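1. Here is the input, now give the coordinates:
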Amino acid sequence: MSDLGDLLARSLGSADPAAEIALAAALARAAHPLSIGALRALAGDPQVEVRLLVQVGLARLDDDDGAMVASRLCRESDLGVLAVLAARAGRLPIDARGLANLIALAAYPGTPAELRAGCTWAIGERDRARGAEVLGSLLDDDEATFWLASVVGRRGGALVPLVAGLHGDPALDRVAALLDL
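-> I've put the predicted structure just below:
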């Protein structure tokens, strides 16, 4: 980690929650390569707002640590952070454990439809055949179908031909807008 990253990570560990969120937001917004080390150090922070800002900042910095993304996919409990991690996983090489977690999230009917669609898109970007299989399993759910068409319509990629003709609204993909996908 850089000296700046070390300094920022140490200062965040002792800061009050509001200051920690403000500093994570500044790091994410700065989009400076020296921020990467500090942001990575905060990936497992107890505050959901910090974890979300970390992933947004790393995505905007084009951080390519697929191992960290896969690891966080398996540990994250917040649905918003999971949605951002899934979007990042669609652009990075991730391990089999991370891919399995995406598949489980997409297949589980209790997962919100928007997150299921984002996970399906990421799966399709990593493994088109598996993505097509998961996509097919979601077509019985009208809400999931709408979100699949919306997410894939906005982000593009391997599953585009499979959602042609499905009704969606790509402008509603909030994660893609947040990460400039």
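
2. can you pull the contacts of residue 113?
-> Each residue near residue 113 by Cβ atoms under 8 Å, 6 or more residues apart in numbering is listed here: 141, 143, 144, 146, 147. (C-beta placed from N, C-alpha, C; glycine too.)

3. just the buried members of the residues you listed?
-> Under a neighbour-count criterion of 16 or more other Cβ atoms under 10 Å, the subset of the contacts of residue 113 counted as buried comprises 144, 146, 147.

4. moving C-terminal of the helix or strand harbouring residue 83, what's the next helix or strand?
-> Counting by DSSP states H and E, the element that carries residue 83 is helix 79-89. Following helix 79-89 in sequence order, the next helix or strand is helix 96-107 (DSSP H and E).

5. That next one packs against which elements?
-> For helix 96-107, the elements it packs on are helix 66-75, helix 79-89, helix 113-126, helix 128-138, judged by 3 or more Cβ pairs under 8 Å, 6 or more residues apart in numbering; DSSP states H and E.

6. Output that helix in CSV, but only the C-alpha positions, please.
-> Coordinates of the C-alpha atoms in helix 96-107 are reproduced here as CSV (Å, rounded to 0.1, in the frame of the first residue of the first chain):
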residue,chain,number,x,y,z
ALA,A,96,-15.1,-20.2,-9.1
ARG,A,97,-16.2,-19.3,-5.6
GLY,A,98,-17.2,-15.8,-6.7
LEU,A,99,-19.0,-17.1,-9.7
ALA,A,100,-20.9,-19.7,-7.7
ASN,A,101,-22.0,-17.0,-5.3
LEU,A,102,-23.3,-14.9,-8.2
ILE,A,103,-25.2,-18.0,-9.5
ALA,A,104,-26.7,-18.7,-6.1
LEU,A,105,-27.8,-15.0,-5.7
ALA,A,106,-29.4,-15.1,-9.2
ALA,A,107,-31.1,-18.4,-8.7
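
7. next one: that helix to chain centre, how far?
-> Chain-centre distance of helix 96-107: 13 Å, with Cα atoms, centre = their mean, to the nearest Å.

8. Enumerate the positions of that helix that are buried.
-> Within helix 96-107, the residues that count as buried by 16+ other Cβ under 10 Å are 98, 99, 101, 102, 103, 105, 106, 107.
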